[in-house]
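S.K.: generate coordinates for the sequence data below:
(chains A and B)
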Amino acid sequence: MNEKREFNIPGTYVFTPEHSRRGYPLNMFCMSLNKSENRDAFRADPSSYLDRFSLTPDQRKAVKERDWLGMLQLGGNIYYTFKLAIFDGLSMQYVGGSMSGITQEEFQQMMINGGRRQGDANTERAS
Amino acid sequence: MAKFVGGIGTSHVPAIGAAVDHGKTQTDYWKPLFDGYEPAREWIKEKKPDVAIIVFNDHASAFSLELIPTFAIGVADTFEPADEGYGPRKVPSVEGDAKLAWHIARYAIEHDFDMTIANVMPVDHGLTVPLSIAFGQPEAWPCKVIPLCVNVIQYPPPSARRCLNLGKVIREAVQCYDEDVSVAIFGTGGMSHQLQGERAGFLNPEFDTMFLDGLSQDAEKLADIPRQTFIEEAGSEGIELVMWMIMRGALGEDVKETYRSYHIPASNTAAGLIILEEEGDKS
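M.R.: Reported below is the predicted structural model:
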């Protein structure tokens, strides 16, 4: 099949089986924030809450630094990592801007102007 | 005998639900989108379906990576709005139609679609936003709902072809149901959007227009679109559009498009809505 091709879309982290295996603990930590008692526990003591999940050191660092793009690169899936953004009171525009190197305001304006189109630098592979 | 009154394809962007919940539908940002929904609200009010089959995807709410059903049908009497991290949306509980849902599940499995059967399935914005789009803010939803949840997050999701064929089997199931109920079917999600990565914010109105046209003109052509093409052309989250193919398949060979609206942006998404009805009444 064309597994190779979908890895090749610039700026896009397809949630393949390999990606899913790698991101399992990170995504399951994020998923846990659906429960209000878990949100309270994470808020009270982030570090010991994270100990409940078997994150890799890199994943743990990305969570601590709220490195939204880094989390994706380490196996995160946006629907899961966005749970952490919700916890922080952040919007999808903020996270979208953070991942694509612009501010929330710039991202919102880009969407109002019609969104990112094919040919935009972030849709092209660096040569 | 049960019959279809028609189908609706619609985006299910959470921010659309939030705009309804927080009374923002008439702001400069949201009004053009909601104006486009009015004819659909009129249409469904006139059709008065007894049951709506809503094809949607769960977004890490009812299901996590612990369990990833490709197709899950809800057979319960009630489905509660899920807590997606904000607390549950303050919308009415969703009343199921257990008898028809079990009939569809049984028929589909007996015809080689091995559905997962869910007696407990909290429903997230993927299902409740389309209800808000169609019905606004009633005290109770005006019809029963059969949730049909499709995995489109974990790659690979079912193909567009597989989804079209599931729709065809659902049509047969409804047509041989022994009660005289009218059924609407919603295909939800999309249209083009990408939430993740450096390409976040990607939209493709040309692809969306081709897809909307194809629903009434050439569903077979849409069914041939590979998964990779959806991701490339409609964005990584735009692959949700395969769920519209289940709706399309349930409406039989020939359909006519009776309404469409299309608006950019709804949050990070190109929001589309289409109404399809059967050409003639052959059922």
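S.K.: give me the residues contacting stretch A:38-48.
M.R.: Stretch A:38-48 has contacts (C-beta atoms under 8 Å, 6 or more residues apart in numbering or on different chains) with A:32, A:33, A:49, A:50, A:64, A:87, B:85. Heads up, the C-betas are built off the backbone N, CA and C, glycines and all.
S.K.: so who does residue B:1 touch?
M.R.: Residue B:1 is in contact with B:175, B:176, B:177, B:178, B:180, counting by C-beta under 8 Å, 6+ apart.
S.K.: test my guess that the first one contacts residue B:2.
M.R.: Spelled out, it's residue B:175. Yes - contact criterion C-beta atoms under 8 Å: residue B:175 and residue B:2 qualify, at 6.9 Å.
S.K.: between these two, which one's more packed in?
M.R.: residue B:2 (19 against 15; other C-beta atoms under 10 Å in any protein chain shown).
S.K.: next, that one: phi, psi?
M.R.: phi -80, psi 150 (degrees, to the nearest 10).
S.K.: show me which of the contacts of stretch A:38-48 is closest to residue B:93.
M.R.: Among the contacts of stretch A:38-48, residue B:85 lies closest to residue B:93 (C-beta to C-beta), at 19.6 Å.
S.K.: look up how far residue B:17 lies from the closest one.
M.R.: Separation of residue B:85 from residue B:17 (C-beta to C-beta, to the nearest Å): 14 Å.
S.K.: check residue A:44 too.
M.R.: Residue A:44 sits 30 Å away from residue B:17, taking C-beta to C-beta as the criterion.
S.K.: and the two? which has more neighbours close in?
M.R.: Counted by other C-beta under 10 Å, residue A:44 and residue B:17 do not tie: residue B:17 has more neighbours, with 21 against 9.
S.K.: what is the neighbour count of the closest residue to that one other than its chain neighbours?
M.R.: Spatial nearest neighbour of residue B:17, excluding adjacent residues (C-beta to C-beta, 6 or more residues apart in numbering or on different chains): residue B:129 at 4.1 Å. For residue B:129, the count of nearby residues is 26 (other C-beta under 10 Å).
S.K.: so residue B:129 is in which element?
M.R.: Per DSSP states H and E, residue B:129 falls inside helix B:125-135.
S.K.: repeat for residue B:247
M.R.: In this structure, residue B:247 sits in helix B:242-249 according to DSSP H and E.
S.K.: how about residue B:9?
M.R.: Using DSSP H and E, residue B:9 falls within strand B:3-10.
S.K.: measure how far that strand is from the centre of its chain, please.
M.R.: Offset of strand B:3-10 from its chain centre (C-alpha atoms, centre = their mean, to the nearest Å): 10 Å.
S.K.: which helices and strands sit right next to whatever helix or strand residue B:72 lives in?
M.R.: Element membership for residue B:72, per DSSP H and E: strand B:71-74. With contacts taken as 3 or more C-beta pairs under 8 Å, 6 or more residues apart in numbering or on different chains; DSSP states H and E, strand B:71-74 sits against helix B:98-110, strand B:116-118, strand B:144-150.
S.K.: now with 6 Å, please.
M.R.: strand B:116-118, strand B:144-150 (3 or more C-beta pairs under 6 Å, 6 or more residues apart in numbering or on different chains; DSSP states H and E).
S.K.: what residues are up against the residue lying closest to residue B:250 once chain neighbours are set aside?
M.R.: For residue B:250, ignoring the flanking residues on the chain, the nearest one in space by C-beta to C-beta, 6+ apart is residue B:167 at 4.1 Å. Listed by C-beta atoms under 6 Å, 6 or more residues apart in numbering or on different chains, the contact partners of residue B:167 are B:246, B:249, B:250.
S.K.: can you confirm residue B:167 is in a helix?
M.R.: Yes - judged by DSSP: H, G, I helix; E, B strand; the rest coil, residue B:167 forms part of a helix.
S.K.: what helices and strands are in contact with the helix holding residue B:129?
M.R.: Judged by 3+ C-beta pairs under 6 Å, 6+ apart, helix B:125-135 is in contact with helix B:14-21, strand B:51-56.
S.K.: so which elements touch the shortest one?
M.R.: Spelled out, that is strand B:51-56. Under the contact criterion of 3+ C-beta pairs under 6 Å, 6+ apart, strand B:51-56 touches helix B:125-135, strand B:144-150, strand B:182-188, helix B:242-249.
S.K.: I am finished for the moment; much appreciated.
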